[in-house]
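Peer 1: Need a 3D model of the following:
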Amino acid sequence: MADGAIRGALERSIDELPDELRTVFVACIVDGMTPGQFAELSALTSETVEARLHNARSLLGEVLVRQLGAAFGGVYQLDDSRSERSTNAVMDRLVPRR
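Peer 2: Below is the predicted model:
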């Protein structure tokens, strides 16, 4: 069930991308076309395709966080032992205990 919810959120997020970003993202990431191949077919420069792909990924991340943010709210509770272990591991790296 979770896979279906994530897939649906991803599809909705891709649909929210502006056309010029969605086209590059789908061609390169979903269909496996290289940015160079897309550039040749679309008469865009490779730099433009790379920039659009980067912008699509960034915007897609923002949209996904907005759509799925509430679902992640309870993943790491402050009193959760995993959260405590993670915090301790980070702190040990930043400030080694003596």
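Peer 1: what residue ranges in this protein are flagged as low confidence?
Peer 2: For the chain, the stretches flagged by pLDDT under 70 are 1-2, 70-84, 87, 91, 94-98.
Peer 1: Show me the residue at the heart of it, geometrically.
Peer 2: Centroid-nearest residue in the chain, with C-alpha atoms, centre = their mean: residue 61, separated by 3.8 Å.
Peer 1: element containing that one?
Peer 2: helix 46-68 (DSSP states H and E).
Peer 1: what helices or strands is that helix leaning on?
Peer 2: helix 2-16, helix 19-25, helix 35-42 (3 or more C-beta pairs under 8 Å, 6 or more residues apart in numbering; DSSP states H and E). (C-beta placed from N, C-alpha, C; glycine too.)
Peer 1: Highest mean neighbour count out of those?
Peer 2: Here the criterion is mean neighbour count by mean count of other C-beta atoms under 10 Å, and of the helices and strands packed on helix 46-68 the winner is helix 19-25, at a mean of 17.
Peer 1: Centre of the chain to it, how far?
Peer 2: From the chain centre to the centre of helix 19-25 is a distance of 15 Å (C-alpha atoms, centre = their mean, to the nearest Å).
Peer 1: For it, which outside residues touch it?
Peer 2: Residues outside helix 19-25 that contact it (C-beta atoms under 8 Å, 6 or more residues apart in numbering) are 14-15, 17, 35, 38, 49, 52-53, 55-57, 59-60.
Peer 1: go with 6 Å
Peer 2: Contacts of helix 19-25 from elsewhere in the structure, counted by C-beta atoms under 6 Å, 6 or more residues apart in numbering, are 49, 52-53, 55-56.
Peer 1: Out of the helices and strands packed on helix 46-68, which is closest to residue 67?
Peer 2: Closest to residue 67 of those is helix 2-16 (C-beta to C-beta; 4.8 Å).
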